[in-house]
Structures are given as C-alpha cells and as structure tokens.
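> Pasting the sequence and the predicted coordinates here, then a few questions.
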Amino acid sequence: MDPDYLPFHPSPSKPAFTPPPGAVDAHCHVFGPGEVFPYAPERKYTPCDAPKEALFALRDHLGFSRNVIVQATCHGRDNRALLDALRAAGGRARGVAAVGPEITDAALTEMDAAGVRAVRFNFLKRLVDAAPREDFLGIARRVARLGWHVVVYFEAADLADLAPFLERLPTTVVIDHMGRPDVTKGLDHADFRRFLALMEAPKFWTKASCPERLTRLGPPYDDVVPFARTLIERFPDRVLWGTDWPHPNMKSHMPDDGALVDFIPRIAPTAAQRHALLVDNPKRLYWPEGTA
Ligand code: 0GY
C-alpha cells in the first residue's frame, strides 16, 4: 500500500543548536515496517514505513539521548511495533500506547515492563471514530494504578467541550502540540486563553511541538514562536518538546528535522528553559527512577 502523504526528509541537516546531554525527543513515532507490523484496517491514512532503526539513527544525528515513542492512529490499538521499538532501545525509549477497554491487566503489565508509561486518547475527527468518554475514564483509572499518565490530542476549537472530561481524568494529562491553536487568531483569542487557563492546573502538561503542522507561513515557522514561548515562559516545568518524526499526514511540506531542532532556542531562549524542556521535564515524567 502506498503512503498517502509526503515521505519523511531523506537527509535532515545537522542542527546548529546542540541539545544538552540527556535531551529527550518526547513525541515521535515508529511505523511498521508494514510487512512485519501491518497497519490497522480502520486507519484513516497509510504512512510510509518508519522503522525503529531509522528513528534511533535520527536521534543520534540530531544529538538527542532518548525518545518517547507515541502510538499513532495508523497502527490502531495494535501496539506491537511500539513495543518492539521499546525493547530494542535498551532503556533509551519510553512509550505511549493506544488501548481500548478490552485490554487485559496482563497486557498492561507487559507493556509497563517494555517501557510504556502512558495511554493516548485521540479526539481528532479526521484521525479516529468517536469513542465513549466513559471508556476513556475507565482506562485512565486502570493505568493510574500503574503510575501511568494520559496523553490527549485535540484541536483548539474542541477544548470547550472536552475540558470537563479532561479535568475528571485521575492522572497527569499531557496535551499534544500546544492544544493545536489556530495561530492566525493570535495569543488573545478565546481558544488559546482557554488553553492557558486549563494549563494553570498542575496536572496538565503540554508539548511545544509541531510548528510545521500549526504554521500558516511555513518554515522557519515565525507565526508559531509566540505560542510556544508563552507556554514555556508560563509553565516552564510542564512543557515537553518533540520532533513528531516521521510527520504523519504532512501534505504541505515535509520539515527538515535539523531545522526543527534549531527552532528550540527561538522558543526557549535561555539555557535553563531548554534544560527543563529537553531534560528535566521529560525525565520527571518518563524516567523518574533515573537514567543509566
Ligand atoms: C501527530 C499528528 C498526527 C497524527 C497522529 O495518531 C496519529 O495518527 O497523531 C496528525 O495527523 O495530526 O501527532 O503525529
């Protein structure tokens, strides 16, 4: 099956910015290879194969130490490619899985042993069919017992409807891609203000990721800088950063991952901010026991 969007960048540049030792790419994916780990029949897009070896090579090329690998919708609730990558990473990757209410406790325990530390609930209508929120709450209560957290993906316009549900979740909640603001509307728009208000509660975290998805101007993503800077300034201890490699569903342009790394000093201008964003924050959430 051919992919239905652009392939990932074949030769990302070496970034000018050197990440601090221990830096974590806290949002990336592995896809397939489809012949070994087939894509979900219910998927809404077919990705290019993006196997673990390519992800680990990119990690090293960009100067990162660790990855948080996030289950994407093209693999549905079949987490085998994710678990395979985690087991191969030698402790240098943690995972965010997608599960349904049918998941057994034994399967959750097995995932925990492989390095899964969270489940992801996806609310993007173009990516998934709607699922009952009570199911999500039940899953969250179960994984809370393992010390896991919840990662959520939604678009800014849906936050008003989702906020009461998010507030009921019993775990830390990490919100993908800054809650996907419409950057043309500016920082003062009601949607972004609502997002900032939600973030005031200490259980909410977010990822200053995906300028390539949020921009209307294209590289070097000037229109996204104020959003990411605002979040990092206001919530320095609760923001993560990730490449989003291999950038599923990118149809306008395919980012150079080296250029994405060079975006970091623009959104986190001080060394202290960058250390929190890239090392301390992800470590607290994904390697609280310490790293080798
Ligand atoms: C992302 C973004 C996207 C895809 C997925 O699970 C997914 O399929 O998250 C998207 O299309 O916006 O976070 O990688």
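Nice, I can see it.

> immediately after the strand or helix carrying Val152, which helix or strand?
In this structure, Val152 sits in strand 149-153 according to DSSP states H and E. Going down the chain from strand 149-153, the next helix or strand is helix 159-168, by DSSP H and E.

> Return the set of buried residues in that following helix.
159, 162, 166 (16 or more other CB atoms under 10 Å). Just so you know, the C-beta spots here come from the backbone N, C-alpha and C atoms, and that holds for glycine as well.

> For the first one, which non-adjacent residue is closest in space?
It stands for Leu159. Spatial nearest neighbour of Leu159, chain neighbours left out: Arg194 (5.4 Å); criterion: CB to CB, 6 or more residues apart in numbering.

> Is it correct that that neighbour is in contact with Ala163?
Yes: here Arg194 reaches Ala163: they are 7.3 Å apart, a contact under CB atoms under 8 Å.

> on that earlier part again, would you mind pulling up the elements that the helix or strand hosting the residue nearest to Leu159 packs against?
Element membership of Arg194, judged by DSSP H and E, is helix 190-199. Applying 3 or more CB pairs under 8 Å, 6 or more residues apart in numbering; DSSP states H and E, we find helix 190-199 packed against helix 159-168, helix 225-234.

> any idea how far the next helix or strand along the chain from that helix is from the chain center?
Counting by DSSP H and E, the next helix or strand C-terminal to helix 190-199 is strand 204-207. Taking CA atoms, centre = their mean, to the nearest Å, the mean C-alpha location of strand 204-207 is offset from the chain mean by 10 Å.

> Contacts for strand 204-207 next, please.
Applying CB atoms under 8 Å, 6 or more residues apart in numbering, the contact partners of strand 204-207 are 26-27, 166, 172-179, 198-199, 231, 235, 238-242, 281, 285.

> give me that answer again for 6 Å
27, 173-176, 178, 198, 238-240, 242 (CB atoms under 6 Å, 6 or more residues apart in numbering).

> Now Phe165. Nearest residue, chain neighbours left out?
Leaving aside its sequence neighbours, Phe165 sits nearest to Arg133 (CB to CB, 6+ apart; 5.2 Å).
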